[in-house]
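**Student:** quick one, fold the following:
(one chain, ligands or ions: 1)
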Amino acid sequence: MNKRMKLAVFISGGGTNLQAIIDAVNSGKLDAKIVLVLSNISDAFGLERARREGIPTAIISRADFDSRDRFIEKFLGTLSLHGANFIALAGYLRMIPPEVIEEFHGRIVNIHPGPLPEFGGKGMFGIHVHEAVLAAERKTTCVTVHHVTKGYDEGSTIATREAPVLPNDTPQSLQARVLEIEHELYPEVLERLATSLNNSTEDA
Ligand code: GRF
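**Tutor:** Numbering: from 1, shown residues only. Sure thing, here's the model as predicted:
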């Protein structure tokens with residue numbers, strides 16, 4: 001049975017990690033197909049990155065549904081319609097509905113731009129992570145790829161990669177250094193996960 005990774009990438013913003021994943025697929029470094037890019041924000045620039053590659057996109061926001069049931073139905077229905085069997089969060093700033101986590105159990109991952117659990121949790125995203133790392137006077141920080149469970153940033157860690165914190169760093173300079181590492185690490189980890197999906201014995 002073909003267990004090739006059919007990836008849905010969830011975004012809320014610029015999508016530079018999405019771009020790194022697209023580039024890795026296009027260059028053959030990541031053996032996966034991106035079947036969907038899903039955003040909760042209609043003008044997220046990452047959607048444009050997907051469109052210019054011909055990747056299907058969907059905008060699904062809770063605010064557009066009059067009931068939670070319809071929202072969940074649309075969410076799961078869209079993933080199923082596009083044949084997704086794996087989800088990579090890449091700057092997606094919404095809680096994943098528990099129904100989706102159950103359906104994709106063990107097959108949802110996230111990238112976080114700092115050490116977990118110390119620099120994670122609600123409100124700890126984007127530049128706030130780097131501000132907190134600097135405020136704590138850490139000498140190093142890291143990128144963390146982890147499984148997604150029902151709590152924010154609580155799933156087990158799959159991989160980390162360290163980055164130095166330099167004496168004159170601002171949150172922005174640190175963010176730029178960490179982002180470069182994210183772009184290397186995320187496609188590499190996804191490739192490992194794609195290989196184990198391919199080799200898995202459970203029915204796809
Ligand atoms: C990245 O720093 C990622 O670690 C975090 O959100 C940011 C998304 O950036 N989860 P981008 O949209 O991929 O450029």
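**Student:** so what's the residue nearest to Ile158 when sequence neighbours are not counted up against?
**Tutor:** By the measure of CB to CB, 6 or more residues apart in numbering, the closest residue to Ile158 outside its immediate chain neighbours is Val145, 4.8 Å from it. Any C-beta I mention is one placed from the backbone N, CA and C, and that applies to glycine too. By CB atoms under 8 Å, 6 or more residues apart in numbering, the residues touching Val145 are Val109, Asn110, Ile111, His112, Thr157, Ile158, Ala159, Thr160, Leu185, Tyr186, Val189.
**Student:** repeat for Leu47
**Tutor:** Contacts of Leu47 were listed using CB under 8 Å, 6+ apart, and they are Ile11, Gly15, Val37, Ser39, Thr57, Ile59.
**Student:** list the buried residues for the helix or strand hosting it?
**Tutor:** Under the criterion of DSSP states H and E, Leu47 resides in helix 45-51. Of the residues in helix 45-51, Gly46, Leu47, Arg49, Ala50 count as buried by neighbour count, 16 or more other CB atoms under 10 Å.
**Student:** with pLDDT as added columns, please give those residues in JSON lines.
**Tutor:** Shown next, in JSON lines, are the buried residues of helix 45-51 (pLDDT from 0 to 100):
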{"residue": "Gly46", "pLDDT": "98"}
{"residue": "Leu47", "pLDDT": "98"}
{"residue": "Arg49", "pLDDT": "98"}
{"residue": "Ala50", "pLDDT": "98"}
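**Student:** now, which of these lie close to the ligand?
**Tutor:** Of the entries in the buried residues of helix 45-51, none also sits close to the ligand under the rule CB under 6 Å from any ligand atom.
**Student:** so which of these is the closest to the ligand?
**Tutor:** Gly46 (6.0 Å; CB to the nearest ligand atom).
**Student:** from Ser39, how far off is the spatially most central residue of the chain?
**Tutor:** With the centre of the chain defined as its mean C-alpha position, the nearest residue by CA atoms, centre = their mean is Leu89, 2.0 Å away. Spatial separation of Leu89 from Ser39 under the definition CB to CB, to the nearest Å is 11 Å.
**Student:** now do the residue nearest to Glu154 when sequence neighbours are not counted, the pLDDT please.
**Tutor:** Among residues not flanking Glu154 along the chain, Pro117 sits closest, at 7.3 Å (CB to CB, 6+ apart). Residue-level confidence at Pro117 comes out at 94, pLDDT.
**Student:** next one: Val189
**Tutor:** Among the per-residue scores, Val189 holds a pLDDT of 98.
**Student:** so what does it have for phi and psi?
**Tutor:** Geometry field for Val189 lists phi and psi as phi -70, psi -40, criterion degrees, to the nearest 10.
**Student:** assign the closest residue to Val133 other than its chain neighbours to one of the three secondary structure states.
**Tutor:** In space, and not counting its chain neighbours, Val133 is closest to Thr141: 4.7 Å by CB to CB, 6+ apart. Applying DSSP: H, G, I helix; E, B strand; the rest coil to Thr141 yields a three-state assignment of strand.
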